[in-house]
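> show me how the following folds:
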Amino acid sequence: MDLRDALPETVLTIILVVSTLVLVLRVWQDITIAVSATLMMLSLGGLFLVFGAKITALSRTLVDRERGIRMNLIETQEVLSGKYDETVQHIDYIIQDFQRRLYR
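Got it, this is the predicted structure:
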């Protein structure tokens with residue numbers, strides 16, 4: 001995952017953490033609540049980043065598989081086309097041979 005691709009998620013994670021700090025600013029007397037809320041928002045933001053990275057990797061894998069299947073189909077089409085042409089030529093030869101026998 002490139003930095004440019006992860007930029008929106010990173011910015012949103014930073015906004016999430018800053019907003020959590022602002023939210024718990026009044027309760028700084030109880031440091032446990034402030035730290036736990038900040039860690040919770042950091043882990044939630046990290047979870048979003050991980051999900052984004054996994055979805056991007058899955059998308060790339062899907063595109064690679066699609067490209068591979070497309071190439072296999074093209075190759076199969078070429079092989080079948082060649083066999084079809086050979087069969088048609090063989091049938092044409094047999095028909096011409098029969099026609100020559102009939103005219104004799």
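
> so which bits of the lowest-mean-pLDDT helix or strand in the chain are buried?
Every helix and strand of the chain was ranked by mean pLDDT, DSSP states H and E. The lowest is helix 3-23, at a mean of 76. Neighbour-count burial for helix 3-23 flags 9, 13, 16-17, 20 (criterion: 16 or more other C-beta atoms under 10 Å). In this view, the C-beta of every residue, glycine as well, is placed from N, C-alpha and C.

> I'd like the residues you listed laid out as a markdown table, including distance to His90.
Shown next, in a markdown table, are the buried residues of helix 3-23 (distance: C-beta to C-beta, whole Å):
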| residue | distance to His90 |
| --- | --- |
| Glu9 | 62 |
| Thr13 | 67 |
| Leu16 | 71 |
| Val17 | 74 |
| Thr20 | 77 |
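
> elements contacting whichever helix in the chain runs longest?
Criterion DSSP state H: the longest helix present in the chain is helix 31-103. When contacts are defined as 3 or more C-beta pairs under 8 Å, 6 or more residues apart in numbering; DSSP states H and E, helix 31-103 sits against helix 3-23.

> report all helices and strands that the helix it packs on contacts.
By 3+ C-beta pairs under 8 Å, 6+ apart, helix 3-23 packs against helix 31-103.
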